[in-house]
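Q: what would the 3D arrangement of this be:
(2 chains)
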2 protein chains.
Amino acid sequence: MLTLYGDIRSGNCLKVKWLLDRMERDYHWIETDVTTGVTRSPQFLALNAAGQTPTIVLEDGRPLAQSNAIIVHMAEGTDLIPTDAFDRAKMFEWLFWEQYSHEPYIAVVRFRRAIAGQSKAEIEPRLMERGHAALARMEVGLTGRDWLVGEAVSLADLALVAYTRVAHEGDFDLEPYPAVRAWVGRVEKAFGIR
Amino acid sequence: MLTLYGDIRSGNCLKVKWLLDRMERDYHWIETDVTTGVTRSPQFLALNAAGQTPTIVLEDGRPLAQSNAIIVHMAEGTDLIPTDAFDRAKMFEWLFWEQYSHEPYIAVVRFRRAIAGQSKAEIEPRLMERGHAALARMEVGLTGRDWLVGEAVSLADLALVAYTRVAHEGDFDLEPYPAVRAWVGRVEKAFGIR
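A: You can find the predicted model right below:
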């Protein structure tokens, strides 16, 4: 069986969980609280030298890390990866952009505010600015469209919804982004996310 | 013909250039200095709403962004992408890790020191620590191996070498990482990088 090391509060980990649930795959979830140092243990580092969750261990015992690499691997051959080469490239564009220009602001501020218990005053204004820039860029990409890529839901929507849907926990108000708000509801429905 | 908007000092842009050169593809390089604000012009934002380089415009006029998404698309069907599904997944693991855990430290410090002209004292110690953690993680991955994935050079090596080979310009001494140093030489040779 698949073994998934994840923190249930982490959007990166939930991406993988939601995908496996949608695919009706069996897996063993091992709750892994990143704030306890357990991901720095020799046992965990042997699975993932980067010491990050999610990390999945495949049926044959081989480990794989990085949320977006995991969902791409697990979803191979499904309708969540476009068969058209250009659409697939745009999906990867969103996946890389998510990790570079969205997660480091939206997810990081949400973690510091909602999980680490920091006050609003402790958050550098630059992080809020960059987070809003990411949301504005999504609004452009979603205006007049139902999904980020092509005409169907894809891994791009799954990866981006993970932290966008909880952005308000980091004080990011989605009010100015109506296309993003409507899209969040569509993606939640497509993946059965509550 | 392909049109590539890039800054010749940027490792992210050079990844694409080195790949196209190795594939002997013709392209029109448009030097795009990110420090001038040109990537915030309406003309550029129409190509890439994220305002980032590299951005490539394909022969049919469709634009594609994100260095690692571009190299994956352009290299499709070549020996730089492993045919084995697990090796391909590990390649993606390295590509996503590069953008999340390597580039934001190694490339950012190198940009601030070597291009923006900041002094050593202006660099937050945390950035140096995270950069060295990335190099240490690469050393683990390369010890006893010639390439990051499987038994042959892949896009993982191309993506990671881009800023690792100029890490010293950000005061990251590669002396403690002998496997990384030897690998840099191998990858440079494989791609004809000087």
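Q: quick one, strands of chain A?
A: With DSSP state E, the ranges of strands along chain A come out as A:2-6, A:27-31, A:55-57, A:63-65.
Q: which one of those strands lies closest to chain B?
A: Of all the strands of chain A, strand A:63-65 sits nearest to chain B, with 5.4 Å by C-beta to the nearest C-beta. (Each C-beta comes from the backbone N, C-alpha and C, glycine too.)
Q: which strands border the closest one, and is each parallel or antiparallel?
A: The strands beside strand A:63-65 in its sheet (DSSP bridges) come out as strand A:55-57 (antiparallel).
Q: for the strand it pairs with, what does the pLDDT average out to?
A: Per-residue pLDDT values over strand A:55-57 give a mean of 98.
Q: other residues contacting that strand?
A: Around strand A:55-57, the neighbours that count as contacts under C-beta atoms under 8 Å, 6 or more residues apart in numbering or on different chains are A:2-5, A:16, A:27, A:44, A:47-48, A:63-65, A:70, A:74.
Q: find the nearest non-adjacent residue to A:Gln66, please.
A: Spatially, and ignoring its direct neighbours in sequence, A:Gln66 is nearest to B:Phe96 (4.1 Å; C-beta to C-beta, 6 or more residues apart in numbering or on different chains).
Q: most widely separated two among the contacts of strand A:55-57?
A: The span of those, defined through C-beta to C-beta, is set by A:Phe44 and A:Met74 at 20.6 Å.
Q: those two: who's more crowded?
A: Shown here are A:Phe44 and A:Met74; by other C-beta atoms under 10 Å in any protein chain shown, A:Met74 has more neighbours (22 against 19).
Q: in CSV, list the C-alpha atoms belonging to the helix or strand of chain A with the lowest mean pLDDT.
A: Least confident helix or strand of chain A, by mean pLDDT, DSSP states H and E, is helix A:42-47 with a mean of 95. Backbone C-alpha positions of helix A:42-47 (Å, rounded to 0.1, in the frame of the first residue of the first chain) are rendered in CSV as follows:
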residue,chain,number,x,y,z
PRO,A,42,17.5,10.3,10.5
GLN,A,43,14.6,8.0,9.8
PHE,A,44,12.7,10.7,7.9
LEU,A,45,15.8,12.1,6.2
ALA,A,46,16.5,8.7,4.8
LEU,A,47,13.1,9.0,2.9
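Q: flag every buried residue along the lengthiest helix in chain A.
A: For chain A, the helix with the greatest residue count under DSSP state H is helix A:125-142. Within helix A:125-142, the residues that count as buried by 16 or more other C-beta atoms under 10 Å in any protein chain shown are A:Leu127, A:Met128, A:Arg130, A:Gly131, A:His132, A:Ala134, A:Leu135, A:Arg137, A:Met138, A:Glu139, A:Gly141, A:Leu142.
Q: repeat for stretch A:58-76
A: Using 16+ other C-beta under 10 Å as the test for burial, stretch A:58-76 gives A:58, A:63-75.
Q: closest to A:Val108 among those?
A: The closest of those, once distances to A:Val108 are taken by C-beta to C-beta, is A:Ser67, at 14.7 Å.
Q: separation between the closest one and A:Leu158?
A: Relative to A:Leu158, A:Ser67 is positioned 10 Å away (C-beta to C-beta, to the nearest Å).
Q: joint contacts of those two?
A: Residues touching both A:Ser67 and A:Leu158 (C-beta under 8 Å, 6+ apart) are A:Lys15.
Q: start and end of stretch A:58-65, how far apart?
A: 11 Å (C-alpha to C-alpha, to the nearest Å).
Q: run the chain-centre distance for that stretch.
A: On the basis of C-alpha atoms, centre = their mean, to the nearest Å, stretch A:58-65 is displaced by 20 Å from the centre of the chain it belongs to.
Q: also stretch A:2-12?
A: Mean-position distance between stretch A:2-12 and its chain equals 11 Å (C-alpha atoms, centre = their mean).
Q: what comes up buried for that stretch?
A: Buried, per 16+ other C-beta under 10 Å, within stretch A:2-12: A:Thr3, A:Leu4, A:Tyr5, A:Gly6, A:Asp7, A:Arg9, A:Ser10, A:Gly11, A:Asn12.
Q: so what's the first one up against?
A: The one in question is A:Thr3. The contact partners of A:Thr3, taken as C-beta under 8 Å, 6+ apart, are A:Tyr27, A:His28, A:Ile30, A:Ile56, A:Val57.
Q: most neighbours among these, which one is it?
A: A:Ile56 leads those on contacts (other C-beta under 10 Å) with 28 neighbours.
Q: and the gap between A:Glu188 and B:Arg137?
A: From A:Glu188 to B:Arg137 the distance is 34 Å (C-beta to C-beta).
Q: next one: A:Arg9
A: For A:Arg9, the distance to B:Arg137 - C-beta to C-beta - is 24 Å.
Q: contacting residues for A:Leu45?
A: Here A:Leu45 is in contact with A:Thr39, A:Gly51 (criterion: C-beta under 8 Å, 6+ apart).
Q: with adjacent residues omitted, what lies nearest to A:Ala85?
A: Nearest to A:Ala85 is B:Glu76, by C-beta to C-beta, 6+ apart, at 6.6 Å.
Q: my bad, should have said A:Arg181
A: That would be A:Leu174: by C-beta to C-beta, 6+ apart, it lies 5.1 Å from A:Arg181.
Q: circling back to that earlier point, how about the longest helix of chain A and chain B, any contact?
A: Yes. Under the criterion of C-beta under 8 Å from any C-beta of the partner chain, chain B is reached by helix A:125-142 at A:Arg137, A:Val140, A:Gly141.
Q: can you pull the pLDDT of the first one?
A: Model confidence at A:Arg137, given as pLDDT, is 97.
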